[in-house]
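give me a 3D structure for the following:
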Amino acid sequence: AQVPTGPAEGWAPAAPAPPPRSALSAEERQALVGWWLRYDKSYMIVIDAVAEDGRLTARYLNPDPVGVSKAEAWKVGERVELLLELTDENYPGNFYELSFDPAQQKLVGVYHHLGLREDYEVDFTRFEDEASEAAGPK
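Below is the predicted model of the structure:
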């Protein structure tokens, strides 16, 4: 019998398993609530609430509202991560993958523009002014 000497054609090593996700604490969920401004384009993510299961009640403004089809947050190790998926005209499933930087009060990560097949490094800074005050009580 012939002994295989290498990987079979088309064989690829298994991708490493993603790190386990865990739920956010009440403090971490509350820290995400607010208005987040992307200064380079004047785009905003508004997080109104974060449920215990990590689902976000979120809006995206560019400057008009854009449909958000999926919004969630979770913890990997000590890092809080977010996913915000957009489904609207000119937004065919484009999405943000962001990490929360509590020291700088920023959401930092990548915007995946599926229509252009390009990725952009982005950051959103907590935005506090009369717009957030007009949103209602905290």
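
name whatever forms a beta bridge with Val66.
Tyr60 (DSSP bridges).

what's the local residue count around it?
Per other Cβ atoms under 10 Å, the neighbour tally for Val66 reads 17. To be clear about C-beta, it is placed using only N, CA and C from the backbone, and glycine gets the same treatment.

centre-most residue in the protein?
Leu83 (2.8 Å; Cα atoms, centre = their mean).

isn't that residue right up against Phe95?
Yes. In this structure, Leu83 is within contact of Phe95 by Cβ atoms under 8 Å, at 6.4 Å.

what bits of the chain have low per-residue confidence?
Where the chain drops to pLDDT under 70, the residues are 1-13, 129-138.

need the longest helix for it.
helix 26-32 (DSSP state H).

outside of that one, which residues touch it?
Leu24, Ile47, Val50, Ala51, Glu52, Leu56, Ala73, Lys75, Val80, Leu82, Phe100, Pro102 (Cβ atoms under 8 Å, 6 or more residues apart in numbering).

hmm, 7 Å instead?
Residues outside helix 26-32 that contact it (Cβ atoms under 7 Å, 6 or more residues apart in numbering): Ile47, Val50, Ala73, Lys75, Val80, Phe100, Pro102.
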